[in-house]
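Chemist: would you be able to build a 3D model of this:
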Amino acid sequence: MQVGILGVGLLAPGLEGWAAGREVLAGKRPFDPRTLPDPDASLLPANERRRSSDCVRWAVQVAQEAMAQSVLDPQEVATVFASSGGEMEVLDKLCRALATSERVVSPTLFHQSVHNTAAGYWGIATSCQQSSTALSCYDDSCAAGLLEAVTYACVEERPVLFVAYDLPAPEPLNGARPIASAFATALVFTPLVEQVFATAEVTLTAAAGRDVSHAFSQEFERLRLDNPAARLLPVLQALAMERRAMINLNLLDDQRLIVKTRSAGCSRMAGPCACSIRWRPGMRRRSVAGPPRTETRTIRSATVAVCRCRLVWSMPPRRWVCMWDCLIAIGRR
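Modeler: So this is what the prediction gives:
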């Protein structure tokens, strides 16, 4: 199965966002994991953001970053959320409440305890009513989620947002299920493989004779082993380095998920353009992955040109500009 990659989101200590994180993953900047990011998940309404857990905010943060780069309408994109433990912090609070004599459980905590909590909050933030899957497969949750997302994109011939996240649980739960550091990432897949940031070919095969791929450096290998969601680090490093790579991800011990990455076309996916930053739910934007090849339309009174090959005629300076985000204001009504 082959898919195109339209956007990447990343959040971890020392890897705050794809724009900065890709430089670190590519070895162009030092890796400093001492600072724990505090995502604002600005896409969430204020009331929902106050009620949300850390897991939800981390998942939404990387999801909105990847979607901003893709320039797709989140209302039209299916989702796959993968997490090994899900809402472990909420589970800890529920267990502590049940251990008291009153045994009073907060209704808010109860509805946040399900494994698809992050997917639900994403649906609230974007008003998305497309298919949504939330899964867990212990240490192989990331590989299982990736396989589910790529399969969906190829079979349904529609773009899909894949989000993987895991955060350390409070003690004593973390002693039973150790996760040393927080990690979250997101990828937007499209069944079309032309004029995309990168492509990925995904194959499921037997494990015999295929060792699990490690990260490209010792410090990132420690992070990969510390967090189930970080098992995707070799893939992210290959994308950051814009290199061809074949990565073997473990799946249920006796299988390997082979991911072959290749940089394709314009690779300036450093961050969202100005139009993407101003995007809010309710704005209508068709997928740039579909026909026609070039078109103009109006978004919030700004006329924009969209081109699948990422070449946009800019006036001024009256020249072709290569823009990954595919949106540029060329006039005002």
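
Chemist: next, Asp32: secondary structure please.
Modeler: coil (DSSP: H, G, I helix; E, B strand; the rest coil).

Chemist: so it makes contact with Gly14?
Modeler: Yes: Asp32 is within contact range of Gly14, at 4.9 Å (criterion: CB atoms under 8 Å). For the C-beta atoms, the positions are set from N, CA and C on the backbone; glycine is no exception.

Chemist: looking at these two, which one has more neighbours?
Modeler: Each of Asp32 and Gly14 has its neighbours counted (other CB atoms under 10 Å); Gly14 has more, 20 against 10.

Chemist: which residue is the nearest non-sequential neighbour of that one?
Modeler: Among residues not flanking Gly14 along the chain, Pro33 sits closest, at 3.8 Å (CB to CB, 6 or more residues apart in numbering).

Chemist: against Ala12, how distant is that neighbour?
Modeler: 7 Å (CB to CB, to the nearest Å).

Chemist: which stretches of this structure form strands?
Modeler: Using DSSP state E, the strands of the chain run over 2-12, 15-16, 78-82, 132-135, 160-166, 183-190, 198-206, 245-251, 255-263, 294-299, 302-307, 311-314, 319-322, 328-332.

Chemist: may I have the fifth one exported as CSV, CA atoms only?
Modeler: Presented in CSV, the C-alpha positions along strand 160-166 are these (Å, rounded to 0.1, in the frame of the first residue of the first chain):
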residue,chain,number,x,y,z
VAL,A,160,-7.0,10.2,6.9
LEU,A,161,-5.3,11.8,10.0
PHE,A,162,-3.3,9.4,12.1
VAL,A,163,-2.4,10.4,15.7
ALA,A,164,-0.2,8.5,18.1
TYR,A,165,0.3,9.6,21.7
ASP,A,166,1.3,8.3,25.2
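
Chemist: counting by contacts, list what that strand packs against.
Modeler: helix 54-70, strand 78-82, helix 117-126, helix 141-156, strand 183-190 (3 or more CB pairs under 8 Å, 6 or more residues apart in numbering; DSSP states H and E).

Chemist: so which of these is the most packed in?
Modeler: For the helices and strands packed on strand 160-166, the largest average neighbour count (mean count of other CB atoms under 10 Å) is found in strand 183-190, namely a mean of 29.

Chemist: name the residue most distant from the centre of this protein?
Modeler: When distances are taken from the C-alpha mean of the chain, Ser101 lies farthest, 41.6 Å away, according to CA atoms, centre = their mean.

Chemist: need phi/psi at that residue.
Modeler: Here is the backbone geometry of Ser101 (degrees, to the nearest 10): phi -70, psi -30.

Chemist: that one: what's it in contact with?
Modeler: For Ser101, no contacting residues are found, by CB atoms under 8 Å, 6 or more residues apart in numbering.

Chemist: about what we covered before: in TSV, list the helices and strands packed on strand 160-166 along with distance to His214.
Modeler: Formatted as TSV, these follow (distance: least, CB to CB, whole Å):
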stretch	distance to His214
helix 54-70	23
strand 78-82	21
helix 117-126	28
helix 141-156	15
strand 183-190	16
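
Chemist: reformat these as JSON lines; add distance to Leu249 and mean pLDDT.
Modeler: Listed next are these as JSON lines, based on distance: least, CB to CB, whole Å; pLDDT from 0 to 100:
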{"stretch": "helix 54-70", "distance to Leu249": "19", "mean pLDDT": "94"}
{"stretch": "strand 78-82", "distance to Leu249": "12", "mean pLDDT": "97"}
{"stretch": "helix 117-126", "distance to Leu249": "21", "mean pLDDT": "93"}
{"stretch": "helix 141-156", "distance to Leu249": "4", "mean pLDDT": "96"}
{"stretch": "strand 183-190", "distance to Leu249": "13", "mean pLDDT": "96"}
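
Chemist: these: which one's closest to Ala215?
Modeler: If you check each of the helices and strands packed on strand 160-166 against Ala215 by CB to CB, strand 183-190 wins as the nearest, at 12.2 Å.

Chemist: what strands flank the closest one, and is each parallel or antiparallel?
Modeler: strand 2-12 (antiparallel), strand 160-166 (antiparallel) (DSSP bridges).

Chemist: overlap in contacts, Pro33 and Ala12.
Modeler: Common contact partners of Pro33 and Ala12 (CB under 8 Å, 6+ apart): Ser181, Leu223.

Chemist: between these two, who's got more neighbours?
Modeler: Neighbours were counted for Pro33 and for Ala12 using other CB under 10 Å; Ala12 has more, 27 against 16.

Chemist: check contacts around the more buried one.
Modeler: Ala12 is in contact with Gly21, Pro33, Pro37, Ser181, Ala182, Phe183, Ala184, Leu223, Asn227, Ala230, counting by CB under 8 Å, 6+ apart.
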